[in-house]
Every structure is written in structure tokens, then in C-alpha cells.
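# here is a sequence with its predicted model. Questions after.
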Amino acid sequence: MQIRAEPARGIHMASGLHEGINCSRLTYMDFDFTPLVIIVIVLIIGIGIAIYINKQRRMAAFRAMASRLGLTFDESHNYNLAEQYGFLNRLARGGNRYLFNTLSGYYRGHQVLVSDYHFEIQTSGPKGQPRTQHGYLSLFSLQLPATFPELTVAREGLLSKIAQAFGHDDIDFESAEFSRSFCVRSPDRKFAYDVCNARMMDYLLENRDLSFEIERNALAMVFNSHLVIDKIELNLARLLEIRARLPNFLFERA
């Protein structure tokens, strides 16, 4: 009788376990990441192309709008213009200020400027690391034939009410509804009353999203967003409506 010697099970189990570990490790190490990398690269390129195409379409729309309105268009960053308009309260904040996507010229007999506006604010992160926040506004400005003191007419809000609590009172008017809806400030109260006449108050109550500022020889509206191309002509018309409601005697005595 022949007796076969069977291999020890422990040896087989250890060998199998060892082989399994090696197989698992080899499978992970041998995984081909190339298709995934290619997909990521293609997605990045596709997003870049889409951004470029959208920008070109936006620039083309700006040029078409400028041509139709009889204005010139300049997409470049203009730091000098930003400095010239820095006296406006809404634009006097942050650093690295510049205008871009600027439409300018004469529109319905008035010298106007419409532009995107950029500024930066430096803040600190949770661990004190410096951060840069980019802000964007849009400016609609009309040049007046005379110079005037500062006047701001803005929608009444939480910040204006807080300012009033600390002594920065706004000017009240006979129209209680207008006084509740808008915050008017100026060092020259008579000038404020002349500007915010009955016709002006009626128009602003019909257009409660509007705020404007008069200072030096500028009448300006500022919005908290990039320019919306489809609303440029509308807001230019509203800027001219505000101008039309300024009484003539303001310019005759100036």
C-alpha cells in the first residue's frame, strides 16, 4: 500500500492568500487611468472653448448695440475713466478699479457713458490668509451742462435705516410714500427738494428699482451686476427720463 503525502493545508492557504493579495495589488496598480485623464482634458478644453465663444458673442452683441445707438464701444480695461468717476459714492470703494465694455458718445443729444465696472476688496480667510474678492457693477452716466453738489437718491433699505440710527438722517418730503421708499441725502437741502420735485417723485415711485446720484457734472445710475445687454437701451431711456425731470432753472442759475 502506498501512502500519498498531502501538502499541508496551512501552506496552501497561506500561498493562496499571498497570491490573492498579489493579484489584488497588481489589479490596482495595473489600472489604466489614461481614458479618465483624456476625458478630463477634453472637458477642460470644451469648457474653455465654450467660454471663449460666449465672450465673442457678447462682444459682438455689444458692438451691434453700440452701432445701433450711435455709440463707440471699447472692451479694454480703462483705469483712467474709473479714476475720473471715483467721486461717485457707489464707485469709491475697493482697489484695482477699472471700467470695461464701455459704450460712449452722444445719445439723443446727451453725452453718455455705459460700462461694466470692476473693483477688488481684500479680506482674510478662516486662518488669516489673504483673499481677494472681485466685485462687479454697471454704470450709466450722463454729462450735465453745469456742476452741482452731491445728491444721492437710493431705495430705502436696512443699511440706510442703520445709518439714520447713527445720525445720518435723510431728507423727508411731503410725499410720505416717497420718503418711506427712498433715502435722499445731500448737503444742500434746497437742491434736493428742487431735484425731487413732484414729477421726479412720481417717476421714481413707478420705477422703484432705480437709484441715482448727482455730483459735479454727472448724473449716474449704478446697478449691482454686469451690464445686461438687452436692458442697456431701456436703462439709457430711464436715465434720460430722470434728466428730463430736472427743472430748467437749475441750469439757468448754475
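Nice, thanks for sending it over. Numbers count the residues shown, from 1 in each chain.
# isn't E156 up against C183?
Yes. Contact criterion CB atoms under 8 Å: E156 and C183 qualify, at 5.0 Å. (Glycine included, C-beta is placed from N, CA and C.)
# more crowded one of the two?
A count of neighbours by other CB atoms under 10 Å puts C183 above the other of E156 and C183, at 22 against 17.
# then the strand or helix carrying that one to PDB, C-alphas only?
Following DSSP states H and E, one finds C183 within strand 182-185. C-alpha atoms of strand 182-185 as PDB (Å, rounded to 0.1, in the frame of the first residue of the first chain):
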ATOM      1  CA  PHE A 182     -36.300 106.300  -1.000                       C
ATOM      2  CA  CYS A 183     -33.400 107.600   1.100                       C
ATOM      3  CA  VAL A 184     -32.300 111.100  -0.100                       C
ATOM      4  CA  ARG A 185     -29.100 112.700   1.100                       C
END
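# so which strand or helix has the residue lying closest to D116 once chain neighbours are set aside?
Distances taken as CB to CB, 6 or more residues apart in numbering place N101 nearest to D116, at 4.4 Å, with adjacent residues excluded. Using DSSP H and E, N101 maps to strand 95-107.
# kindly report the same for L204.
helix 198-206.
# which parts of that helix are buried?
Under the neighbour-count criterion of 16 or more other CB atoms under 10 Å, helix 198-206 has M200, M201, L204 buried.
# the nearest residue to the first one once chain neighbours are set aside - how many residues pack around it?
Meaning M200. Leaving aside its sequence neighbours, M200 sits nearest to R245 (CB to CB, 6+ apart; 4.4 Å). Residues lying near R245 (other CB under 10 Å) number 17.
# circling back to that earlier point, from the buried residues of helix 198-206, which is closest to S225?
L204 (20.1 Å; CB to CB).
# how close does the closest one get to I41?
53 Å (CB to CB, to the nearest Å).
# now do M59
Distance from M59 to I41, by CB to CB: 27 Å.
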